[in-house]
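J.: The following block contains a protein sequence and its predicted model.
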Amino acid sequence: MAEITSDFIKSNAAFKQIPILTLDKNYYSLFPDESDKPETIRVLEERVNNLLKKQGQVNNDLKEVKKIKSRLIQGVVDDMEMDSSDPKHLKKMNESQRLIQEAKGKIAQLEDESLDVPHKLAAANLDLLTATIRYCYGRMNSNRADIALLDKWINDTRVKLKKNLVIKQDKELGNEEMYGHLHDILGQGLMGLLDERNEQQE
């Protein structure tokens with residue numbers, strides 16, 4: 001079998017329709033017994049799940065920081081109507097400006113992450129998909145080899161069974177004919193006694 005690679009899978013147009021595997025119930029059906037799952041696949045699953053969590057966290061953080069920035073800006077706008085010569089007011093305005101700049105920096109960082117994480121997630125999902133396909137085809141090929149051996153054994157056994165059935169029938173027929181001839185020669189009474197004697201010996 002030619003090796004199944006990530007590039008081969010990625011080059012197929014159908015790849016774009018592949019879901020995130022750890023979110024697909026059909027994926028888990030490939031491993032009905034969790035203990036059969038290879039360690040490499042467990043590690044790749046964990047990577048995908050961690051990136052999914054990170055994506056959710058980045059999106060939540062981005063919303064929260066944008067809300068905070070919006071509140072800070074609104075606070076600055078509201079404070080502009082107050083007396084700007086008051087030192088406390090100036091300190092508060094400067095602090096708000098500093099926090100707004102921090103929020104802008106954090107938003108830029110989170111927006112970069114929000115673009116970066118999906119690429120990492122897609123790559124991790126592709127790695128998991130590749131490993132899963134290799135594992136499944138490996139199992140199926142191993143099963144096919146076992147099926148071929150079992151087919152041979154069944155066919156060989158079937159031939160032996162047919163031969164043994166013929167031998168059994170020949171022996172049964174031979175016994176019936178022999179018993180019939182003895183019965184004709186010796187009669188029912190003596191045959192009955194001989195049958196009893198024979199059964200005691202068995």
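T.: That came through fine.
J.: Stretch 17-36: end-to-end distance?
T.: Distances were taken as Cα to Cα, to the nearest Å; on that basis the terminal residues of stretch 17-36 are 27 Å apart.
J.: What is the longest helix along the chain packed up against?
T.: Longest helix of the chain, by residue count under DSSP state H: helix 87-201. Packing contacts for helix 87-201, counted by 3 or more Cβ pairs under 8 Å, 6 or more residues apart in numbering; DSSP states H and E, involve helix 6-10, helix 39-79. Glycine gets a C-beta too; all of them are placed from N, C-alpha and C.
J.: at 10 Å what do you get?
T.: Under the contact definition 3 or more Cβ pairs under 10 Å, 6 or more residues apart in numbering; DSSP states H and E, helix 87-201 sits against helix 6-10, helix 25-29, helix 39-79.
J.: Residues touching the second one, excluding its own?
T.: The set of residues external to helix 25-29 that reach it, using Cβ atoms under 10 Å, 6 or more residues apart in numbering, is 19-22, 34, 37, 45, 128-129, 132.
J.: Taking those residues, tell me the two that lie furthest apart.
T.: The distance between the two most remote of the contacts of helix 25-29 (Cβ to Cβ) is 20.4 Å, for Pro19 and Glu34.
J.: So for those two, which residue has more residues nearby?
T.: Pro19 (11 against 8; other Cβ atoms under 10 Å).
J.: element containing that one?
T.: Applying DSSP states H and E as the criterion places Pro19 outside every helix and strand.
J.: Isn't it up against Leu128?
T.: No - using Cβ atoms under 10 Å, Pro19 and Leu128 do not qualify as a contacting pair, with a distance of 11.4 Å.
J.: circling back to that earlier point, for Gly174, which of the helices and strands packed on helix 87-201 is the nearest?
T.: Comparing the helices and strands packed on helix 87-201 against Gly174 with Cβ to Cβ, the closest turns out to be helix 25-29 (56.9 Å).
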